[in-house]
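# dropping a prediction and its sequence here:
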Amino acid sequence: MIRRFFTPLFVLSMLLFAAAPVLIANAPYEATMGLVAKIFYFHAPCAWLMLISAFVCGIWSAIYLFQGRPHADRMALAAAELTAVFGLLALVTGPLWARKAWGVWWQWDARLTSSLLVWMIFLAYLLVRNYGGPGSEKLAAAMALFGMANVPFVYVSVNIWRTVHPKTSVVPTLPVDMGGPFWFCVAAFLLLYLLMLTMRVRLEEQRARLEELYRVGES
Amino acid sequence: MKRSLRWLLVVLCIVCITDRVSEAQPKQPPRGQDEFVPVNDLPPSEQLPAAPLLVAAYAFVWVVLFAYVWSLWRRLGQVEREIAQLDARGQPRTR
C-alpha cells in the first residue's frame, strides 16, 4: 500500500516537516532548560526510531535465521541502515542539548552509553554485511539479535539506574501545548521512516533482480 | 627655613588626609585570587547561548535526512537504469 501511494505520502511527510518548526516555535519553553529543550521535539523521535528500527531489524533477522527467507534479510538490512541513520541523529542532537542543559557534551550514564552501544552494534552489522564476504548475512543476523536484546535495557535504563537523562515519564506527562507538537513530530518522523524503509527494501530487491539477470546471462 | 617647614607641614597633612580617605572607602571584593565567590546565576554576558545549539541540532537533522533520501534515490536510480538497459537489449549480458 505504501508503494502505491509513495509520492503523495512523501509530499505529505515533507509538508509535516515544513510545519513542524512553526508548531515547535509556538510551544512553551521548559521551565529549567528554556529554549534549548526544544531540541527534544526532534531528538526524542529520532531516538525512538533508532530503537524501533533496531527491533524491526532483530525480528526480521530472526525470521531470516530460522526460515531463510531472502525478503526477511532485505528488510533486516534496510532496518539496520535506518538504525544507524536515526542513531546518528539522536547521538548528535543529544549532546547539543546536553552542552547547555548539563554543561557537558557527553555523560557516561546508563542511557547514553547503552544507546551508543546499540548504535555501534548496528554499525558493526553494516560493516559485516559490506565487507564480510559470503555467508556474512547469517553472522550479521545473529548480531542484530544481540542488538535487539539491548533495546529494552536502553528504554528502561533511565528509570533503573541513576542518570542525568530525563526519565520515560516525561512524555506521558507532557502538557497539551507541548504534547501536540511532540506527537506531530513523531508522526512526521514515523511516516518518513516508513517511506525510507520502503525505498531501501526496494533498492535491495532491485539489486537482487540485477544479480539474477547477470547470473542468468553468465550461465 | 620657616617657609620650607610650612611647606613640609602642608605636604604631611595632605598625605595623612589622603591615607584616611582611602581607608574610609569600601574595599573591592576579591576577584577570584584570594577567594572564590559563589553565585547562583551567571551574568548574561557569560551564559552559553541556546539558539545556536538549537539551530545546529535542527539543521543537522534536516541535512542528514535529506542526504540519506538523496543517496537512496541515486542508488535506486542507478540499479533501475542498469536493469532497464539489460531489459532493452532483449537478453541479459555478462558483466
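Cool, the structure landed. Being a predicted model, the structure only gives us computed values, none of them experimental.

# any residue of stretch A:112-119 touching chain B?
No: residues of stretch A:112-119 contacting chain B under Cβ under 8 Å from any Cβ of the partner chain: none, with a closest distance of 13.7 Å. To be clear about C-beta, it is placed using only N, CA and C from the backbone, and glycine gets the same treatment.

# buried residues of that stretch, list them for me.
A:112, A:114-116, A:118-119 (16 or more other Cβ atoms under 10 Å in any protein chain shown).

# which ones among those are found in helices?
Judged by DSSP state H, helices contain the following of the buried residues of stretch A:112-119: A:112, A:114-116, A:118-119.

# which of the residues you listed lies closest to B:S4?
Distance to B:S4, by Cβ to Cβ, is smallest for A:L112 among those, at 80.4 Å.

# so can I have TSV of the ones in helices among the buried residues of stretch A:112-119 showing distance to A:V170 and pLDDT?
Listed next are those as TSV, based on distance: Cβ to Cβ, whole Å; pLDDT from 0 to 100:
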residue	distance to A:V170	pLDDT
A:L112	16	95
A:S114	18	95
A:S115	16	96
A:L116	21	97
A:V118	20	96
A:W119	22	97
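
# for A:S219, give its distance to A:L49.
Per Cβ to Cβ, to the nearest Å, A:S219 is found 42 Å from A:L49.

# oh, I was asking about A:F122
A:F122 is 12 Å from A:L49, by Cβ to Cβ.

# then A:V56?
For A:V56, the distance to A:L49 (Cβ to Cβ) stands at 10 Å.

# and B:D41, that's in a helix?
No: counting by DSSP: H, G, I helix; E, B strand; the rest coil, B:D41 is not part of a helix but coil.

# near it, how many residues? Count them for me, please.
Residues near B:D41, counting by other Cβ atoms under 10 Å in any protein chain shown, number 6.

# check what pLDDT it gets.
If you check B:D41, the pLDDT there is 70.

# chain neighbours aside, what residue packs nearest to A:A140?
Once flanking residues are discounted, A:A140 sits nearest to A:V128: 4.5 Å by Cβ to Cβ, 6 or more residues apart in numbering or on different chains.

# and that neighbour, that's in a helix?
Yes: assessed by three-state DSSP, A:V128 belongs to a helix.

# go ahead and confirm it touches A:L139.
Yes: under the criterion of Cβ atoms under 8 Å, A:V128 makes contact with A:L139 at 5.7 Å.

# which one's more surrounded, these two?
Between A:V128 and A:L139, counted using other Cβ under 10 Å, A:V128 has the larger neighbour count: 19 against 14.

# returning to that earlier point: quick one, which of A:F122 and A:L49 is more surrounded?
Legend: neighbour count by other Cβ under 10 Å for A:F122 and A:L49, higher for A:F122 (28 against 24).

# tell me the contacts of that one?
The contact partners of A:F122, by Cβ atoms under 8 Å, 6 or more residues apart in numbering or on different chains, come to A:54, A:57, A:80, A:83-84, A:87, A:144, A:147.

# please report phi then psi for A:E30.
phi -80, psi 140 (degrees, to the nearest 10).

# who are the contact partners of it?
A:37, A:40, A:178.

# now rank those by neighbours and give me the top one.
Using other Cβ under 10 Å as the neighbour test, the contacts of A:E30 are led by A:F40, with 25 neighbours.

# please work out the average pLDDT along the helix or strand that contains that one.
Using DSSP states H and E, A:F40 sits in helix A:40-67. The average of the pLDDT scores along helix A:40-67 is 96.

# next one: that helix to chain centre, how far?
Going by Cα atoms, centre = their mean, to the nearest Å, the spacing between the C-alpha centre of helix A:40-67 and its chain's C-alpha centre is 6 Å.

# next helix or strand past that helix?
helix A:70-101.

# ok, so of the contacts of A:F122, who is nearest chain B?
A:A84 (9.8 Å; Cβ to the nearest Cβ).

# the closest one: what's it in contact with?
Going by Cβ under 8 Å, 6+ apart, A:A84 touches A:119, A:122-123, A:126.

# the inter-axis angle of the helix ranked longest in chain B versus helix A:70-101?
Scanning chain B for the helix with the most residues, using DSSP H, yields helix B:51-88. Helix B:51-88 and helix A:70-101 are oriented at 160 degrees to each other (axes from the mean of the first three to the mean of the last three Cα atoms, to 10 degrees).

# elements contacting helix B:51-88?
Identification of packing neighbours for helix B:51-88 by 3 or more Cβ pairs under 8 Å, 6 or more residues apart in numbering or on different chains; DSSP states H and E yields helix A:40-67, helix A:70-101, helix A:176-218.

# quick one on the thing from earlier: need the contacts of A:A84 in TSV with distance to B:A57, can you?
Output for these, formatted as TSV (distance: Cβ to Cβ, whole Å):
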residue	distance to B:A57
A:W119	17
A:F122	22
A:L123	21
A:L126	24
